[in-house]
Each structure stands twice: as structure tokens, then as C-alpha cells.
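**Q** dropping the sequence and predicted coords here.
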2 protein chains.
Amino acid sequence: MPNPETRQFIERMGLAIERMGLSRTFGRLFGLLMVADRPLSLDEMVERLHVSKASVSTNARSCEELGLARRVGVRGDRKDYYEIAPRAFEHVTAKRVVAIHAMAGLAAEGLVAVGDDPSPARDRLTEMLDFYMFMGEQIEELLERWREVKG
Amino acid sequence: MPNPETRQFIERMGLAIERMGLSRTFGRLFGLLMVADRPLSLDEMVERLHVSKASVSTNARSCEELGLARRVGVRGDRKDYYEIAPRAFEHVTAKRVVAIHAMAGLAAEGLVAVGDDPSPARDRLTEMLDFYMFMGEQIEELLERWREVKG
DNA sequence: CACCACGTTCAGTATTGACTAAACGTTCTA
DNA sequence: TAGAACGTTTAGTCAATACTGAACGTGGTG
């Protein structure tokens, strides 16, 4: 299972996730779960990632909180096992949509701040508002279409 | 111009941008340019943001590199002035699309890594690939539609 | 009951990242 | 040509972040 391609995938996922503002270990853990063919226990992740159990524990849980992974039980075993959550990618994209709405809200606040008189600032903020309203709505629709096809 | 609403807008933009993985000062600088009614010099930004000129210089330039701002000249003045770039939001969204394509590429690598045999890992990676291909293409189309309407 | 086997929490540590002040290079001007 | 006005670069500092090892709590098990 720890073949070179798999390891490289995990590593690249770590870098990709890091570029999104999360930690590299978090990304590696996510990548590991992506290529695992069964749910993994904390100790197994420790083994594969070469990080402390404490780190795996916290990262796995925040992975769960973000909706990327979920905890599953195994009969006759009281360890925690983690696997990628169903619809993980839809879920993370839905969070992006929330952020987009927040940007639209910010634009609206900006419009209040600059006042009613015509100005370049007002034009820019209006464009920002329109753009993020548009994108937010449209991406939500994309998600719905995706769910129809793949759900 | 430094009215409380404007200041709050700048501050919130700082926080919003910070949540996206960039620095708060960067976000504040961007927010300041958003509500400015004319291009601003480095010294003016120093004044408004209360940070060092070195920080403003580097942040303004990376703002430019990201396509969010551009440098403009003023006749008979050799200072650098910055303003929000036209199509700034389209541009930043286009970069997101690049990141989405990168995720699709990563999924493709993962598929190679896990081999051809059916497995849960393969299913997940396939879903990831399909999802990001779909999203990448569709968001590109959204951008084109936006340009048609607003361009 | 004593002992494991887990997962979590906490204090300490190391690393990363961003900001500052100062030095620097360049271009204009008196 | 000396000096001022800029923007950039760099070395150093400070704070935030993430990881580690150890202690801890909890629930099963002999």
C-alpha cells in the first residue's frame, strides 16, 4: 500500500491543501484517507504519516468538522476509524458558496460606507456586489445540478 | 474619508481575506483601495493603514501580481499610485478555476496510484475527478456569461 | 479492582510568516 | 554634482501556528 505513487499523491495533497490556508499535515491526512481502501484508525494514520498521535487526533477531528471525513465504528472494536465522508467535495464547495455570500455582504456594507453619491468607489463596490451575487447563486445551482446527476 | 463605516469595511475585508489564507494587512490594503475614490500612493496607504512603508510596498505589489490592483502613473509625479484593477474579481475567480483544475489533476494522479482494480479509493478518486472537472468547466462558463453581460 | 487500550488535552517547543527599521539604488532637481 | 524623494531589499524581531511528549480521563476486561 505505501507505494511511491500513493505517497506522492498524499504529499501533493498536503501541498495543495496547504496552499488553501490549512496545514500540510491536515492535507496529508485527507490525502491518505482518499487513497485508503478501508477506514483507518488513528494509530494507522500515525504509522503512515509519521506524526504524533496528538496531531493525528486533532487533524482527524477537524477534518470531520469540515465535513470532509467521518468517524465510523467497527463491530467489536472500540477504536475510532475515519473515512472520507460521502459528498465531501460538494460539502466543501458549499462552504465556498457561504464565503462568496459573505463577500457580497461585505460589498453591501461598503456601499453604505461610501454613501450615495456617484464615485469610482461606489462603482467598484456595485460591481463587486453584482459579481458575488451572481456567482453565489450560480454556483449553488451548479451544485444542485451535480446532485441531480450524481446523487 | 476615514469615517467609521469605511474603517470597518477595511477591517472586515482584512479579516475576510485573512480567512482565505492571505495576510490581514494585504486584505486591508485591498479594502482601502476598494473604497478609495482615486489611486493612492504608498505614503497615503501608510498613513491610512498605520503600517510600515516596506509592508505596504510588498503587499501592494503582490496585490498587483494577483491581478487585484494595478499601478498607475500621474502626470508630473513620479510616485507609484495603485488602484483596483478592472475585472479584479473575474481575475481572482479565474485563478480559483486554475486551482480547481489542479485538484482534478491531482485526482487523476491518485487514480494512477491506486491502480485499475475496483476499490473504494478508486470510486472516491473518480468522484473527485468528475466533480472538479465539472466545476472547473462550469465556472469558466459562468465567467464567460458574466463577461457577456457586464463586459 | 487493577490494568489496559484508547482518544483527548495541555504545556512546551520549533517553525513559519509578517512586519519594522535601516540601508540601498535610482531618478529627478536645484 | 550634491541632495532629496521614492520604492525596494534585507536583516532582525515578534507573534502565530502546528507539532510533540506526557499527563489525563474514560470505558472495557481479566
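**A** Everything's here; your move. These figures come from a predicted structure and were not determined experimentally.

**Q** only C-alpha atoms for contact and neighbour calcs from this point on.
**A** Will do.

**Q** the longest strand that chain A contains - contacts with which helices or strands?
**A** Longest strand in chain A, counting residues (DSSP state E): strand A:77-84. The helices and strands touching strand A:77-84, judged by 3 or more C-alpha pairs under 8 Å, 6 or more residues apart in numbering or on different chains; DSSP states H and E, are helix A:24-35, strand A:40-41, helix A:42-49, strand A:69-74.

**Q** how about that strand against DNA strand C, any contact?
**A** Yes. Using C-alpha under 7 Å from any atom of the strand, a contact is recorded between strand A:77-84 and DNA strand C, made by A:Arg78, A:Lys79, A:Asp80, A:Tyr81.

**Q** quick one: buried ones out of the residues you listed?
**A** Among the residues of strand A:77-84 next to DNA strand C, the ones that count as buried by 16 or more other C-alpha atoms under 10 Å in any protein chain shown are A:Asp80, A:Tyr81.

**Q** re earlier: for the longest strand of chain A, C-alpha coordinates in CSV please.
**A** Extracted as CSV, the C-alpha positions of strand A:77-84 are listed here (Å, rounded to 0.1, in the frame of the first residue of the first chain):
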residue,chain,number,x,y,z
ASP,A,77,-13.5,-2.7,18.3
ARG,A,78,-13.6,0.4,20.2
LYS,A,79,-11.1,2.3,18.2
ASP,A,80,-12.1,5.3,16.1
TYR,A,81,-11.9,4.8,12.4
TYR,A,82,-12.1,7.6,9.9
GLU,A,83,-13.1,7.6,6.2
ILE,A,84,-13.8,10.2,3.6
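
**Q** list the neighbouring strands of it plus their orientation.
**A** strand A:40-41 (antiparallel), strand A:69-74 (antiparallel) (DSSP bridges).

**Q** now the element after that strand, going C-ward?
**A** helix A:88-114 (DSSP states H and E).

**Q** that next one - contacts with which helices or strands?
**A** Applying 3+ C-alpha pairs under 8 Å, 6+ apart, we find helix A:88-114 packed against helix A:120-150, helix B:4-19.

**Q** tell me the gap between the first one and the middle of its chain.
**A** When C-alpha coordinates are averaged (C-alpha atoms, centre = their mean, to the nearest Å), helix A:120-150 and its chain have centres 19 Å apart.

**Q** same deal with the shortest one?
**A** Relative to the centre of its chain, helix B:4-19 is centred 15 Å away, using C-alpha atoms, centre = their mean.

**Q** same question for it, mean pLDDT?
**A** Taken as a whole, helix B:4-19 has a mean pLDDT of 95.

**Q** and the angle for that helix with helix A:88-114?
**A** With axes from the mean of the first three to the mean of the last three C-alpha atoms, to 10 degrees as the basis, helix B:4-19 and helix A:88-114 are set at 160 degrees to each other.

**Q** flag every residue of chain A that's near chain B.
**A** Selection of chain A residues close to chain B by C-alpha under 8 Å from any C-alpha of the partner chain yields A:3, A:5-6, A:9, A:12-13, A:16, A:19-22, A:34-38, A:89, A:103, A:106, A:109-110, A:112-114, A:119-122, A:124-125, A:128, A:131, A:135, A:138-139, A:142, A:146.

**Q** in stretch A:73-86, what's buried?
**A** A:Asp80, A:Tyr81, A:Tyr82, A:Glu83, A:Ile84, A:Ala85.

**Q** ok, stretch A:23-41 next?
**A** Neighbour-count burial for stretch A:23-41, counted by 16+ other C-alpha under 10 Å, picks out A:24-37, A:39-41.

**Q** residues touching the helix or strand harbouring A:Arg61, excluding its own?
**A** Using DSSP H and E, A:Arg61 sits in helix A:53-65. By C-alpha atoms under 8 Å, 6 or more residues apart in numbering or on different chains, the residues outside helix A:53-65 that reach it are A:Thr25, A:Phe26, A:Leu29, A:Phe30, A:Leu42, A:Asp43, A:Met45, A:Val46, A:Ala69, A:Arg70, A:Arg71, A:Tyr82.

**Q** list the contacts of the first one.
**A** The reference is to A:Thr25. By C-alpha under 8 Å, 6+ apart, the neighbours of A:Thr25 are A:Gly14, A:Asn59.

**Q** wasn't A:Asp117 part of a strand?
**A** No. Assigned with DSSP: H, G, I helix; E, B strand; the rest coil, A:Asp117 falls outside any strand and is coil.
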